[in-house]
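Next come a sequence and a model predicted from it.
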Amino acid sequence: MLEVNNLHVDLEEEDKTILKGVDLKVEAGKVHAIMGPNGSGKSTLSYVLSGKDGYEVTGGSATLGGEDILEMEPEERAAAGLFLAFQYPVEIPGVGNMTFLRTAVNAQRKARGEEELSAADFLKEVRAKAKTLKIDADMLKRPVNVGFSGGEKKRNEILQMAMLEPKMCILDETDSGLDVDAMKLVAEGVNALRDEGRGFLVITHYQRLLDHIKPDVVHIMANGRIVKTGGPELALEVENNGYADILAEVA
Amino acid sequence: MAQTQKKFDTTASRLDGVSLPECGAWSRNARDAALARVREMGLPDRRDEYWKYTRPDTLTQTDAPEAAFFDGDESEHYADVDRLKIVFVDGVFDVEASDNLALEGVKIDRLCAADQSDIHWAKEIYGVLEERGQTPVERPLAALNTALACDGILIHATGEVSKPINLIYYHKSTSSDAILHHVIKLDKGADLTVLENGPAAARFNKVMEVEVADGASFHHIRKQGRDHERRAVTHIFARLGEKSSFKSFTLTANGVLTRNECVIELTGDDAIAHVAGAAVGDGDFHHDDTVFITHDAERCESRQVFKKVLRNGATGVFQGKILVKEGAQKTDGYQISQSLLLDEDSQFLAKPELEIYADDVVCSHGSTSGAINEDGLFYLRARGIPRPIATDLLTLAFLAEAVEEVEDEILREDIVARLTGWLERRRG
């Protein structure tokens, strides 16, 4: 599904290298987790894959279903099936959540040559999906993320994911700023979307999210590289001993 | 002094050729007095404090600069609203296209007819509110209008007016120079909506004087048309009585020169004045909102909400003032002027002013100019929304605070649709 080979990335504004050869392969139907200390390049990886400005790819490749995504505009990557759940979802005053969702769903369908959803069909679908995420009608009407609590923002991300039905989901520290109940709700939303045809890349600092979204593979990222890969037990090791032991081991 | 003398010489030579319309005593007196005001003030030039950002020369010169008119297809304005239509073509009343000027709750006359009589109710307002509005800031082009206006509509609302009055201004000649002067009087408790649309002429000078008596409500929506080359200077002078309400919104898309002035006096306690505008333009678009609101009574509320979207070197100007007089306690004044600059060539010049002589008031004002929010843009694009559509969404969102000042949903949606159309026609 998602293949990243020897990816090197610099920050455009500062002469600084963030990713120094990332290799990663997420298969359809699998959940991969990336853990790592602050500044290891986890969020940069998610931004580069989704096409945010400000980064320069100096080497390597990234493909989604065999297609080179690094040359695509962010909206083309989204239409190709990539989804990034933001660590800090952006507030957009003046744009209604519903308008936003519908514009996004239909823009992607149009880009893929599919028919746009009618207003009635869209409404039916969004209401059903919002309900399972405990998103009420008021949240759907309000401007995108404006005045939402941390938990509401993250649930709103998952609702977008559910509506857009991407092939490859990247969750960037989705657990940050969430209490246990909110995290459970978000995890349930994610688990409901687990599917044979869909890959997940879950970026997190902590093991606790992985108690709820059980990963198939866990990677440890440090200093711009993936330094160790293993099963779910690797996350437990981090939880118990921190990163120091692993980093010392691979150094 | 040499400059001042030059200004008066220029004014004198500009006025040399003018002749006042034939009219009866009340109108003659008002026009003579207005002409004297113009001579005394002199026509504006660039050295005037309130004309620093906008060049007045094409507005003051004798002949109107030529202006092509928009001739494309355009959906009918206010089509879904049952309304009384009054049509002017290049500033000339079109009797064929206009409805019968009879409507329940209101008496409507044309200025050029009322002019001929020796007495008319409009005497109490015509040129009177304009003259009051000349202090402390001079507005010579409004006085010039009072002196020279050939026509206009005089509306006296005595109760709840059964439907809105729609003033429609077509522009069909490249050299037309229109001067219209409307007078609107709302009796105690009356309720009136005036809708305006159209560019009116190659050059348009319009004054609207509005007297809102105690407990009356005046609603005003204006759309200044799609012509790009036209020039317009417009003034609204309003005086508000106790518990009255005045709400005005203007949509301006295109126009090489627009100066919209709005001068409001809150003279009765608990009155409300809201003035808002959304302006979008590109290239040599120049749009100037100049607003002066005077609080001279207790517990009045005023809001100024002006938003501009500027592209390809367009210029936006905002000069807005709240004056709170001594004794105008519990005043609630709000003013916001913002521009969205879609490129680095465009500019926004803003002069917000507060002058307060009462000690128990709440007044806030803010002015900003900025580009499209990159984080918001990326967020929308990351969800699959292509850049041009995402940019338009954020642009409409920027304008929303001003557009939301239009309370009527049908009218508001029409404004949004026209803004959307304007943006769509410019998608790269």
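That came through, no problem. Numbers count the residues shown, from 1 in each chain, chains lettered A, B, ... in the order given.

When you work out contacts or count neighbours from here on, use the C-alpha atoms and nothing else.
Fine.

What ranges does the stretch 1-150 of chain A have for its strands?
Along the stretch 1-150 of chain A, the segments classed as strands by DSSP state E, counting those that start in this stretch run A:2-11, A:16-26, A:31-35, A:55-64, A:67-68, A:82-85, A:92-96, A:143-144.

can you tell which of those is closest to chain B?
Chain B lies closest, by Cα to the nearest Cα, to one member of the strands of the stretch 1-150 of chain A: strand A:92-96, at 4.1 Å.

Packing partners of that closest one?
strand A:143-144, helix B:387-403 (3 or more Cα pairs under 8 Å, 6 or more residues apart in numbering or on different chains; DSSP states H and E).

now do 10 Å
helix A:137-141, strand A:143-144, helix B:374-382, helix B:387-403 (3 or more Cα pairs under 10 Å, 6 or more residues apart in numbering or on different chains; DSSP states H and E).

any idea how far that strand is from the chain center?
Averaging C-alpha positions (Cα atoms, centre = their mean, to the nearest Å) puts strand A:92-96 22 Å from its chain's average.

so where do the helices sit in the chain?
By default, I'm working from chain A. Taking DSSP state H to define them, one finds helices in chain A at A:42-50, A:74-79, A:97-111, A:119-132, A:137-141, A:150-164, A:180-193, A:208-212, A:233-241, A:244-250.

you looked at the wrong chain, it should be chain B
In chain B, the helices defined using DSSP H lie at B:2-16, B:25-41, B:57-60, B:111-114, B:128-132, B:140-148, B:374-382, B:387-403, B:409-424.

Please dump those into JSON lines; it should also carry mean neighbour count, mean pLDDT and distance to B:H156 for every row.
What follows is those, written out as JSON lines (neighbours: other Cα atoms under 10 Å in any protein chain shown; pLDDT from 0 to 100; distance: least, Cα to Cα, whole Å):
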{"stretch": "helix B:2-16", "mean neighbour count": "14", "mean pLDDT": "85", "distance to B:H156": "32"}
{"stretch": "helix B:25-41", "mean neighbour count": "19", "mean pLDDT": "95", "distance to B:H156": "17"}
{"stretch": "helix B:57-60", "mean neighbour count": "16", "mean pLDDT": "95", "distance to B:H156": "30"}
{"stretch": "helix B:111-114", "mean neighbour count": "19", "mean pLDDT": "94", "distance to B:H156": "12"}
{"stretch": "helix B:128-132", "mean neighbour count": "20", "mean pLDDT": "98", "distance to B:H156": "16"}
{"stretch": "helix B:140-148", "mean neighbour count": "25", "mean pLDDT": "97", "distance to B:H156": "19"}
{"stretch": "helix B:374-382", "mean neighbour count": "21", "mean pLDDT": "96", "distance to B:H156": "49"}
{"stretch": "helix B:387-403", "mean neighbour count": "21", "mean pLDDT": "95", "distance to B:H156": "28"}
{"stretch": "helix B:409-424", "mean neighbour count": "16", "mean pLDDT": "94", "distance to B:H156": "24"}
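
The closest residue to chain A within the stretch 101-250 of chain B: neighbour count?
Closest residue of the stretch 101-250 of chain B to chain A, Cα to the nearest Cα: B:F249 (18.4 Å). The number of residues packed near B:F249 is 25, by other Cα atoms under 10 Å in any protein chain shown.

can you give me the strands in the stretch 51-200 of chain B?
Taking DSSP E, counting those that start in this stretch as the test, the strands found in the stretch 51-200 of chain B are B:84-89, B:92-93, B:102-103, B:106-110, B:153-157, B:165-170, B:177-186, B:191-197.

Give me the sheet partners of the fourth one and which way each runs.
Here strand B:106-110 has these sheet partners by DSSP bridges: strand B:102-103 (antiparallel), strand B:153-157 (antiparallel).

contacting residues around the lowest-mean-pLDDT helix or strand in chain B?
Of all the helices and strands that make up chain B, helix B:2-16 has the lowest average by mean pLDDT, DSSP states H and E, namely a mean of 85. With Cα atoms under 10 Å, 6 or more residues apart in numbering or on different chains as the test, helix B:2-16 has contacts from B:1, B:35, B:38-45, B:47, B:60-63, B:144.

Could you check the angle that helix makes with helix B:25-41?
With axes from the mean of the first three to the mean of the last three Cα atoms, to 10 degrees defining the directions, helix B:2-16 sits at 150 degrees from helix B:25-41.

just checking, which of the strands paired with strand B:106-110 sits deepest inside the structure?
Here the criterion is mean neighbour count by mean count of other Cα atoms under 10 Å in any protein chain shown, and of the strands paired with strand B:106-110 the winner is strand B:153-157, at a mean of 23.

tilt between that strand and strand B:165-170?
Calculated by the same axes, to 10 degrees, strand B:153-157 forms an angle of 170 degrees with strand B:165-170.

pLDDT (mean, whole number) over strand B:153-157?
Across strand B:153-157, pLDDT averages out at 98.

how much distance is there from stretch B:21-38 to the middle of the chain?
Put simply, stretch B:21-38 sits 23 Å off its chain's centre (Cα atoms, centre = their mean).

Tell me where the model's unsure across the chain.
You didn't say which chain, so I picked chain A. Along chain A, segments meeting pLDDT under 70 span A:251.

Chain B, not that one
Filtered on pLDDT under 70, chain B yields the residue ranges B:1-3, B:428.

Residues of it that sit close to chain A?
Proximity of chain B to chain A, by Cα under 10 Å from any Cα of the partner chain, involves residues B:373-387, B:389-390, B:393-401.

Now with 6 Å, please.
Neighbours of chain A within chain B, by Cα under 6 Å from any Cα of the partner chain: B:381-386, B:397, B:400.

re earlier: now the two most distant members of the contacts of helix B:2-16.
B:M1 and B:D63 (27.5 Å; Cα to Cα).

and the two? which has more neighbours close in?
The neighbour count for B:M1 versus B:D63, taken as other Cα under 10 Å, is higher for B:D63 (13 against 6).

Which residues are in contact with B:S244?
Contact partners of B:S244, counting by Cα atoms under 6 Å, 6 or more residues apart in numbering or on different chains, are B:214-217, B:271.

what about 8 Å?
Residues in contact with B:S244 (Cα atoms under 8 Å, 6 or more residues apart in numbering or on different chains) are B:212-217, B:268, B:270-272.

can you redo the strands of the stretch 1-150 of chain A as CSV with distance to A:V218 and mean neighbour count?
Formatted as CSV, the strands of the stretch 1-150 of chain A follow (distance: least, Cα to Cα, whole Å; neighbours: other Cα atoms under 10 Å in any protein chain shown):
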stretch, distance to A:V218, mean neighbour count
strand A:2-11, 15, 19
strand A:16-26, 11, 19
strand A:31-35, 5, 26
strand A:55-64, 19, 17
strand A:67-68, 24, 14
strand A:82-85, 19, 26
strand A:92-96, 34, 21
strand A:143-144, 33, 22
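
ok, residue 57 - contacts?
Let's take chain A. A:V57 makes contact with A:7-10, according to Cα under 8 Å, 6+ apart.

Can you look at chain B instead?
Neighbours of B:D57 in contact, by Cα under 8 Å, 6+ apart: B:D45.

Next one: it from B:V233, what distance?
Using Cα to Cα, to the nearest Å, one gets 12 Å for the distance from B:D57 to B:V233.

Ok, B:L377 next?
Distance of B:L377 to B:V233, given as Cα to Cα: 36 Å.

again with A:Y55
49 Å.

Kindly report the same for B:C300.
Computed as Cα to Cα, the B:C300 to B:V233 distance reads 28 Å.

Comparing those two, which residue is more hemmed in?
B:C300 (26 against 21).

that older thread, please name whichever of the strands of the stretch 51-200 of chain B is nearest to A:R127.
strand B:191-197 (38.7 Å).

I'd like to know which elements the closest one is packed against.
Contacts defined by 3+ Cα pairs under 8 Å, 6+ apart place strand B:191-197 against strand B:165-170, strand B:217-223.

Buried deepest among those strands, which one?
strand B:165-170 (a mean of 23).

Pairing partners for it, with directions?
According to DSSP bridges, strand B:165-170 has these partners: strand B:84-89 (parallel), strand B:191-197 (parallel).
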